[in-house]
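>>> for reference, the sequence and a predicted model appear below.
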Amino acid sequence: MKPNLDILVPACVREFEPYIPSKPDAELMKLYGCARLFRLNNNENPLGPPPAAQKVIRRFPPPKGAVYPSGDSYCLRREIAALHNIDTEQILVGNGANEVISFVIKAFCEKGDNIITADKTFAVYEWVATFSGIEARVIPLIREGFDDQAMLSAIDDHTKIIFVCNPNNPTGTYWSKQTLTDFLDAVDGKQIVVIDEAYFEFVEAEDFPNGMTLLDQYPNVVVFRTFSKMYGLAGLRIGYLAGDLNIVDMIRRTCVVYSVNGIAQEAACAALRDDTNHIQRTRDLIRESKEFLRAELSSLGLPLIVGEGNFIIARLPGSDTLAYRQLMREGVMIRPMTGFRYPNHIRITLAQMEAMEAFVGALKKILH
Ligand SMILES: *Cc1c(COP(=O)(O)O)cnc(C)c1O
């Protein structure tokens, strides 16, 4: 007899619409008949990992592939702690920041609880909550940014975590230090406030807050960082969270040891120690591409959302999913935004000028 999945599988899992990742590049290129492909869909760094990390990856001794890595990324946590001037035990490393999202939700939420986030932001907070049977309250953005007042109003006795993406993926808006600390003062320690700083290293604005410096004053804050974006290590899957010792001590109970592989740990250490101005070179490239795209897309009459981070949004006259397929045929992969609740919008990763020019050329072609 077949297993009865209506009985075996909880409704929150059965009813969840699974996310379908895109096919490997080689498959896509065959499917769309393009000889080369610019990946402008995932906010990756076109410069790759910093040279010091590249060296570690190249020289990783193959026999080490047989040996379990440090189960709690010990050396890496020591480096990260020194960087932020906090205790090693205040840090948990995961298989990408994506994994630490589930650590936090598992640690604090049970049936009947809710989390609060925005409607147009990184969707993984909402997804993990939803398939775990936790209500996700998605508060509409205001002026393309997180609506602090509406989020405070949505809090009730069952609210456990508030997720703030700063700066926000995909709009690039951010809360200033003042807005953030006012919000934290209003929350008054009653909920966990996660500040997802996946794009921290890209931000140059003066009034942008560094969540790591708020941990002492606000012991309910948990900060997320990743090596996937600025540090160019998305393929190795490594990210981390930081928080107050007592909070992290609870979250640690929900993490599975050995989820972070050995090459990732060593490459991340090297990335932090790299002294080749990788961050500055990346920022310079992003700034140039941002201004180029802003000018080109404005002259095409497309409404834009341009903020912090290595991406911008453009509104098209028609379907974003159709534009995705048409651009793929031209060898350019962008992110259609229907899934982010932005129909007819596309998000473009800011990359090297060659890719930006290819994108603009392809866009002009499909718009005409
Ligand atoms: C990319 C991204 C992450 C996840 O990064 P990992 O690759 O899982 O480390 C988390 N939050 C935001 C906002 C992101 O854009």
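It's in.
>>> which residue does the stretch 251-368 of the chain have closest to the ligand?
Residue nearest to the ligand within the stretch 251-368 of the chain (CB to the nearest ligand atom): residue 309, separated by 8.2 Å. C-beta here means a position set from N, CA and C on the backbone, and glycine is covered the same way.
>>> give me the pLDDT for residue 287.
Reading off the confidence values, residue 287 has pLDDT 97.
>>> and the one 3 residues further on, by the same measure?
Turning to residue 290, the model gives it a pLDDT of 98.
>>> ok, it to residue 310 distance?
Distance of residue 290 to residue 310, computed by CB to CB, to the nearest Å: 8 Å.
>>> show me what contacts the residue nearest to residue 209 when sequence neighbours are not counted?
Using CB to CB, 6 or more residues apart in numbering and skipping the chain neighbours, the partner closest in space to residue 209 is residue 177 (3.9 Å). Residues near residue 177 by CB atoms under 8 Å, 6 or more residues apart in numbering: 207-209.
>>> could you redo the last one with a cut-off of 10 Å?
206-210, 213-214 (CB atoms under 10 Å, 6 or more residues apart in numbering).
>>> what is the burial count for the residue of the stretch 51-200 of the chain found nearest the ligand?
Across the stretch 51-200 of the chain, no residue is closer to the ligand than residue 96, which sits at 2.7 Å (CB to the nearest ligand atom). Look at residue 96: counted by other CB atoms under 10 Å, it has 23 neighbours.
>>> so residue 279 is in contact with residue 310, correct?
No: counting by CB atoms under 10 Å, residue 279 does not reach residue 310; the two are 11.7 Å apart.
>>> can I assume residue 18 sits in a helix?
No: counting by DSSP: H, G, I helix; E, B strand; the rest coil, residue 18 falls outside a helix, being coil.
>>> which among the contacts of residue 177 gets closest to the ligand?
Nearest to the ligand among those: residue 208, at 14.9 Å, using CB to the nearest ligand atom.
>>> if we ignore the residues flanking it in sequence, what's nearest the closest one?
Residue 208's closest residue in space is residue 174 (CB to CB, 6+ apart), at 5.9 Å.
>>> wait, the one you found sits on residue 206?
No: Residue 174 is beyond contact range of residue 206, at 11.7 Å (criterion: CB under 10 Å).
>>> of these two, who's got more company?
Counted by other CB under 10 Å, residue 174 and residue 206 do not tie: residue 174 has more neighbours, with 25 against 7.
>>> which residues touch the most centrally placed residue in the chain?
Nearest residue to the geometric centre of the chain (CA atoms, centre = their mean): residue 198, 5.0 Å. Residue 198 makes contact with 43, 96-98, 122, 165-167, 169, 224-226, 228-230, 239, 309, according to CB under 10 Å, 6+ apart.
>>> ok, now residue 295?
Per CB under 10 Å, 6+ apart, neighbours of residue 295: residue 360.
>>> now do the one 4 residues further on
Taking CB under 10 Å, 6+ apart as the definition of contact, the neighbours of residue 299 are residue 360.
>>> quick check, pLDDT for it.
Turning to residue 299, the model gives it a pLDDT of 97.
>>> what values do phi and psi take at it?
When read as degrees, to the nearest 10, the backbone of residue 299 gives phi -70, psi -20.
>>> same question, the one 10 residues further on
Here is the backbone geometry of residue 309 (degrees, to the nearest 10): phi 90, psi 180.
>>> my read is that it contacts residue 199, right?
Yes: using CB under 10 Å, residue 309 makes contact with residue 199 at a distance of 4.1 Å.
>>> quick one on the thing from earlier: I'd guess the residue nearest to the centre of the chain is in a helix, am I close?
No: looking at residue 198 with three-state DSSP, it is coil, so not inside a helix.
>>> what score does it have for pLDDT?
98.
>>> likewise residue 257?
At residue 257, the pLDDT recorded in the model is 88.
>>> secondary structure class for it?
With three-state DSSP as the criterion, residue 257 reads coil.
>>> does the ligand sit close to whichever strand or helix holds residue 241?
Here residue 241 sits within strand 239-243, counting by DSSP states H and E. Yes: under the criterion of CB under 6 Å from any ligand atom, the ligand is reached by strand 239-243 at residue 239.
>>> direction included, what does that strand pair against?
strand 91-94 (antiparallel), strand 221-226 (antiparallel) (DSSP bridges).
>>> of those strands, flag the one that's most buried.
Most buried of those by mean neighbour count (mean count of other CB atoms under 10 Å) is strand 221-226; its value is a mean of 26.
>>> with just CA atoms, put that strand into PDB.
Extracted as PDB, the C-alpha positions of strand 221-226 are listed here (Å, rounded to 0.1, in the frame of the first residue of the first chain):
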ATOM      1  CA  VAL A 221      19.500  41.600  18.300                       C
ATOM      2  CA  VAL A 222      20.900  38.900  16.000                       C
ATOM      3  CA  VAL A 223      23.000  40.000  13.000                       C
ATOM      4  CA  PHE A 224      23.400  37.900   9.800                       C
ATOM      5  CA  ARG A 225      26.400  38.200   7.500                       C
ATOM      6  CA  THR A 226      27.400  36.100   4.500                       C
END
